[in-house]
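Enquirer: show me the folded form of this:
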Amino acid sequence: MACRISELVLDAADPGLLAAFWSEVLGYVELGREDDGSIEIGPPGTGFGGPQPTLVIGPTTDPRPAKLRLHIDVSATDRDQEAELARLLALGARHADVGQTGTESWYVLADPEGNEFCLLRRRIEPV
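Expert: Okay, the predicted model is just below:
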């Protein structure tokens, strides 16, 4: 028997802002809020334990470390990479430089709080 990723936890200065951003990026909905200010988002109709992991975005006042040691990769499901890039930028993502050469097949972006993520070239089927 093996494990699978059920949740990803992200610290945020403004959990509401990041929950709204990542919900739009991933097509997720808010699943719940905790007393500590954490917000869990996940696939509509499925939630925790489904085929995709949920995101738990928790409040923190700690400064963000330099480059994250773990980041999220996303792939478009219904459009090409350029169209998805335009959509993500319109949602509040911005280009990020982590030392890439410019010849990569992916785009390095940052969410509204500066957390890096990559938009991959290949489209994938929606779950």
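
Enquirer: can you tell me the element residue 19 falls in?
Expert: Assessed by DSSP states H and E, residue 19 sits inside helix 15-26.

Enquirer: that helix packs against which elements?
Expert: strand 29-33, strand 39-42, strand 54-59, helix 81-91 (3 or more CB pairs under 8 Å, 6 or more residues apart in numbering; DSSP states H and E). The C-beta positions use only the backbone N, C-alpha and C, and glycine is treated the same way.

Enquirer: tilt between it and strand 54-59?
Expert: Angle of helix 15-26 versus strand 54-59, following axes from the mean of the first three to the mean of the last three CA atoms, to 10 degrees, is 160 degrees.

Enquirer: returning to what we had before: could you dump the helices and strands packed on helix 15-26 into JSON lines with mean pLDDT added?
Expert: Formatted as JSON lines, the helices and strands packed on helix 15-26 follow (pLDDT from 0 to 100):
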{"stretch": "strand 29-33", "mean pLDDT": "96"}
{"stretch": "strand 39-42", "mean pLDDT": "97"}
{"stretch": "strand 54-59", "mean pLDDT": "95"}
{"stretch": "helix 81-91", "mean pLDDT": "97"}
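
Enquirer: among these, show me which one is buried the most.
Expert: strand 39-42 (a mean of 22; mean count of other CB atoms under 10 Å).

Enquirer: pull up the pairing partners for that one, direction included.
Expert: If you go by DSSP bridges, strand 39-42 pairs up with strand 29-33 (antiparallel), strand 54-59 (antiparallel).

Enquirer: any chance you could list what contacts that strand?
Expert: Residues from elsewhere that reach strand 39-42 (CB atoms under 8 Å, 6 or more residues apart in numbering): 7, 15-16, 19, 22-23, 26, 28-34, 48, 50, 52-57.

Enquirer: also stretch 71-87?
Expert: By CB under 8 Å, 6+ apart, stretch 71-87 touches 8, 25-26, 106-107, 115-126.

Enquirer: point out where the protein drops to low pLDDT.
Expert: Along the chain, segments meeting pLDDT under 70 span 1.
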